[in-house]
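S.K.: sequence plus predicted model, see below.
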Amino acid sequence: REGMTEVTAADFASAKNMGCTIKLLAICERAADGGSVTARVHPAMIPLTHPLASVRGAYNAVFVESDAAGQLMFYGPGAGGSPTASAVLGDLVAVCRNRLAGATGPGESAYAALRVSPMGEVVTRYHISLDVADKPGVLAQVATVFAEHGVSIDTVRQQGKDGEASLVVVTHRASDASLNGTVEALRNLDTVRGVASIMRVEGE
């Protein structure tokens, strides 16, 4: 999303300290009220205990959670010449079979008519790294900005040296719109020298 920074070695180090790793995720969720869905693609921190944390190299996985079936994961090769060629040829064979049989492919999903929520309504946790001045009162100012935008702080870690400090904040669940407002306000603080990174935290 706009404002999302590139994943750096420092982000991986922070994830490790939290017992997490970083993965590029494509996420689609149905809202609790059943009337809309959210869809997004972004890097995110996930716990090392999550099944997706073990997916590496040329392998891809689809992780599904449902009320009736619980948690399911489908895992296999998803990159490289042979896996990609196999997937493409499989699709072509399916199309040819349907044409020869005079049939059509699977019908549209029943979810196709649901409203797609804008990114501002997406709710998740966030990991925010700030470069700040190392002096009294900075943490209080930062905490006040989070409170003013309705974003609750879960954990804070600060490390200072030679008048500068790195402040890492992990939030409770909040909307993307609330986070955007928080980050813009943080950038306007005299004691905040820069927003080093912003990353979502997914999974439990």
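M.R.: Noted; the coordinates are in hand.
S.K.: please point out which parts of stretch 115-131 sit buried.
M.R.: For stretch 115-131, burial by neighbour count (16 or more other C-beta atoms under 10 Å) applies to 117, 119, 122, 123, 124, 125, 126, 127, 128, 129, 130. C-beta here means a position set from N, CA and C on the backbone, and glycine is covered the same way.
S.K.: how about stretch 88-107?
M.R.: Per 16+ other C-beta under 10 Å, stretch 88-107 contains no buried residues.
S.K.: give me the contacts around the longest helix along the chain.
M.R.: The helix that spans the most residues within the chain, counting by DSSP state H, is helix 81-101. Helix 81-101 is contacted by residues 58, 76, 77, 78, 104, 105 when judged by C-beta atoms under 8 Å, 6 or more residues apart in numbering.
S.K.: dump the residue contacts of the fifth one.
M.R.: Under the criterion of C-beta under 8 Å, 6+ apart, the contact list for residue 104 reads residue 98.
S.K.: ditto for residue 150
M.R.: When contacts are taken as C-beta under 8 Å, 6+ apart, residue 150 is in contact with 174, 178.
S.K.: A strand includes it, no?
M.R.: No - under DSSP: H, G, I helix; E, B strand; the rest coil, residue 150 falls outside any strand and is assigned coil.
S.K.: hmm, back to that, what about the contacts of helix 81-101, which are in strands?
M.R.: Judged by DSSP state E, the contacts of helix 81-101 include 76, 77 as members of strands.
S.K.: about what we covered before: next helix or strand past the longest helix of the chain?
M.R.: strand 115-116 (DSSP states H and E).
S.K.: quick one: strands adjacent to that next one?
M.R.: strand 36-47 (parallel) (DSSP bridges).
S.K.: buried ones in the strand it pairs with, by neighbour count?
M.R.: Using 16+ other C-beta under 10 Å as the test for burial, strand 36-47 gives 36, 38, 40, 42, 43, 44, 45, 46, 47.
S.K.: the fifth one pairs with what?
M.R.: Residues found in beta-bridge contact with residue 43 (criterion: DSSP bridges) are residue 24.
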